[in-house]
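Q: coordinates only, no sequence provided:
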């Protein structure tokens, strides 16, 4: 096996695959990147055991020769080491030669590296097959949906299923739901499938997927019982699914509200952040006090002191109401809506409330208030 | 006590003093900043127990009123909280009022904060008096000296004295020495004193001092047995000295060399960094092999493989020589010299070597080679 390759394209491929490759792993081969030269080009594969990425560098990009002087084969080398070498060598091209099964030589005009390596066949089997329901979604919409819900998933949880984003399809829509039990985010997007499915995709995998999206128009997904496969230009990504039943969230979002507060997102976020400086021991608890004529956010810590700020731009409907909320959760929800004006919709000081954007009925953020007594 | 102050100047002062104030401390008052309004202006004081900084915000800067509506007094408030408040509030001015001994109110047009506080008298006594030998040095030279030697001091050590920079004066020069026993850096600068002194200034304190230097021409130092005091514009800094006798380093720097290698700093550093990717278990060990016609840097790890690179720009005098060095130490030393061409001067594979800059005889970097067998 050998090839001479454009350094920048090689580095780009290594970084795309390598971002998920762990530096330490239970199976030592997982710290390697698999480098395979076949008819499609140079195929790089990496995996952390849950997510796997395969990226293909073609022989030519827009008539420009990227890979030349080739001999087919495959080999495993330490991902961190090969990436650092390709990142740091000077010059435009790198030659890569497998001298024996266990040594590869990497040369450019100045430097020469001999790396210990492993035969390509030793790499774990990774299933990049097209199984299950095929769905095509707009890359832009997918990106937006993941950004708008993923923060609400648990990072670590005893209920493993809450670390996933639940993706379900009825007939013409796909809905994305994430919840950590204290808050919930849901977004619906259009998609070209008539088949129903429900899959728990690890939020981490979805976030990695969105990082891999570059100039794609669409993303093709294949959802099976065991895995999800995502097809991008020159890149495949597959992830195992999270087991367990996702909680039924269909009926927990209130349909009507007794109190509605419309605010400017920027002003409201800044005011909340400022008063939250004094949240101290009661981490991130901010009180919102609303009447028709005045909206005040405030915070009190017996240790540090107190803070309050009046909101200038608002429209409030309802009787007077005081509610304590987690500032960080409210901020994340408002930021995820990504719009100028937001509505906070309440049914009482102790009831779940929603944060929504008038112009986008397909996204909803549900939060629970904080009991301060 | 009360005052209304320009927000930006208040924040600048708080940041200058606050950078050394710990967020947690054995003495709770140390997490506070002392805010005192007196005839000089608003005097902010902070300390971590070793370093103390006092910064004065004057009433006027270039005819522009900075502080108005004043009433003298002093008070302690939590440094982190007050800094965050001043950083985040909108508007150009902030009003600060001590309502009682234990509460201050901070207001601007939108927000209002009531902070718990402590009477100014409760702050620990800090000695900013002008005691001991007075020395004036150019701020630029002091900055350069600290940058060129401080990295060679120990960060933590059982020999406490090695965490300091030893500053000694004969008659017309001050020399700065730092060593962690494996390497030593020494820089001499001119200074206006005829008195001899020797002081072990914690390297950390010197580094904080250089961060406080802004547009000063000179720095005035007062060196006593117990402390060093540094005077900058509107800012005083004092530090306790490190106890113990500094090792005598006068005679350990060789005067003559059998082998001399001149290289381009940029090329040499990059080549060393590249081959060091493969240093693996032998952390940072790089071998330099020199003959009259060829200079090669190389690295070998039984686990990862090997790397080598020829140096293109060099001039070598001496018989052939191979020496193993710590790449990180050599890199730091070369970077500290901050010049285009450097000389590496050897007396044998097992003897200390120096790295120097032909154009600056006042700076010397001494390193020990690494025994690889």
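A: Yes, it's here. Note that this is a predicted model, so its numbers are computed, not measured.
Q: tell me, how many neighbours does residue A:349 end up with?
A: 16 (other C-beta atoms under 10 Å in any protein chain shown). C-betas here are computed from N, CA, C, even on glycine.
Q: before we move on, what about residue A:93?
A: With other C-beta under 10 Å as criterion, residue A:93 counts 18.
Q: quick check: bridge partners of it?
A: residue A:6 (DSSP bridges).
Q: would you check how far apart it and residue B:277 are?
A: As defined by C-beta to C-beta, to the nearest Å, residue A:93 lies at a distance of 19 Å from residue B:277.
Q: for residue A:372, same thing?
A: 55 Å.
Q: can you give the domain ranges for chain A?
A: Listed by automatic domain parsing, the domain ranges of chain A are A:2-122, A:133-240, A:259-367.
Q: now those in JSON lines, with mean pLDDT?
A: As requested, these are exported to JSON lines (pLDDT from 0 to 100):
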{"stretch": "domain A:2-122", "mean pLDDT": "94"}
{"stretch": "domain A:133-240", "mean pLDDT": "93"}
{"stretch": "domain A:259-367", "mean pLDDT": "94"}
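Q: now the residue nearest the centre of chain A, nearest residue through space, not along the chain?
A: The C-alpha lying nearest the average C-alpha coordinate of chain A belongs to residue A:207 (C-alpha atoms, centre = their mean; 1.5 Å). Leaving out its chain neighbours, the residue that sits closest to residue A:207 by C-beta to C-beta, 6 or more residues apart in numbering or on different chains is residue A:150, at 5.7 Å.
Q: how far does stretch A:211-225 stretch from one end to the other?
A: This stretch, stretch A:211-225, spans 24 Å end to end (C-alpha to C-alpha, to the nearest Å).
Q: hmm, who's touching it?
A: A:16, A:19, A:53, A:130-139, A:142-143, A:167, A:197, A:199, A:209, A:228-233, A:235, A:237, A:241 (C-beta atoms under 8 Å, 6 or more residues apart in numbering or on different chains).
Q: please apply the same query to stretch A:120-136.
A: So stretch A:120-136 is contacted by A:27, A:29-30, A:32, A:34-36, A:45, A:47, A:52, A:54, A:73-76, A:169, A:174, A:191-193, A:195, A:197, A:218-227, A:229, A:236, A:238 (C-beta under 8 Å, 6+ apart).
Q: just stretch A:56-67 next, same as before
A: Contacts of stretch A:56-67 (C-beta under 8 Å, 6+ apart): A:3-6, A:9-10, A:13, A:37, A:40-44, A:68, A:70, A:234-235.
Q: mind listing what residue A:288 touches?
A: A:261, A:295-297, A:322-325, A:344.
Q: one more: residue A:305?
A: Counted by C-beta under 8 Å, 6+ apart, residue A:305 has contacts A:278, B:81, B:103, B:113-116.
Q: of these, closest to residue B:368?
A: Of all the contacts of residue A:305, residue B:368 sits closest to residue B:81, with 48.0 Å by C-beta to C-beta.
Q: rewinding a little: in PyMOL, select just the buried ones from the contacts of stretch A:120-136.
A: One line in PyMOL is enough to select the buried members of the contacts of stretch A:120-136, burial here meaning 16 or more other C-beta atoms under 10 Å in any protein chain shown:
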select buried, chain A and resi 30+32+34+35+36+45+47+52+54+73+74+75+76+169+174+191+193+197+219+221+222+223+224+227+229+236+238
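Q: just the ones of the contacts of stretch A:120-136 in strands?
A: With strands taken from DSSP state E, the overlap with these comprises A:32, A:34-36, A:45, A:47, A:52, A:54, A:73-76, A:169, A:174, A:197, A:218-223, A:227, A:229, A:236, A:238.
Q: how about the residues of the stretch 1-150 of chain A that lie near chain B?
A: By C-beta under 8 Å from any C-beta of the partner chain, the residues of the stretch 1-150 of chain A that approach chain B are A:78, A:81, A:84-85, A:88-90, A:103, A:110-116.
Q: now, of those residues, which are buried?
A: A:78, A:81, A:84-85, A:88-89, A:103, A:110-116.
Q: tabulate these (a markdown table), appending secondary structure and distance to residue B:285.
A: Shown next, in a markdown table, are those (DSSP: H, G, I helix; E, B strand; the rest coil; distance: C-beta to C-beta, whole Å):
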| residue | secondary structure | distance to residue B:285 |
| --- | --- | --- |
| A:78 | strand | 18 |
| A:81 | helix | 16 |
| A:84 | helix | 17 |
| A:85 | helix | 18 |
| A:88 | helix | 18 |
| A:89 | coil | 20 |
| A:103 | strand | 21 |
| A:110 | coil | 21 |
| A:111 | strand | 17 |
| A:112 | strand | 18 |
| A:113 | strand | 16 |
| A:114 | strand | 17 |
| A:115 | strand | 18 |
| A:116 | strand | 18 |
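Q: can you put the contacts of residue A:305 in TSV and add distance to residue B:179?
A: Formatted as TSV, those follow (distance: C-beta to C-beta, whole Å):
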residue	distance to residue B:179
A:278	47
B:81	41
B:103	51
B:113	48
B:114	52
B:115	46
B:116	46
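Q: dump the residue contacts of the nearest residue to residue A:348 once chain neighbours are set aside.
A: Nearest non-adjacent residue to residue A:348, counting by C-beta to C-beta, 6+ apart: residue A:258, 7.0 Å away. Contact analysis of residue A:258 by C-beta under 8 Å, 6+ apart lists A:318-319, A:346-348.
Q: sweet, I'm off.
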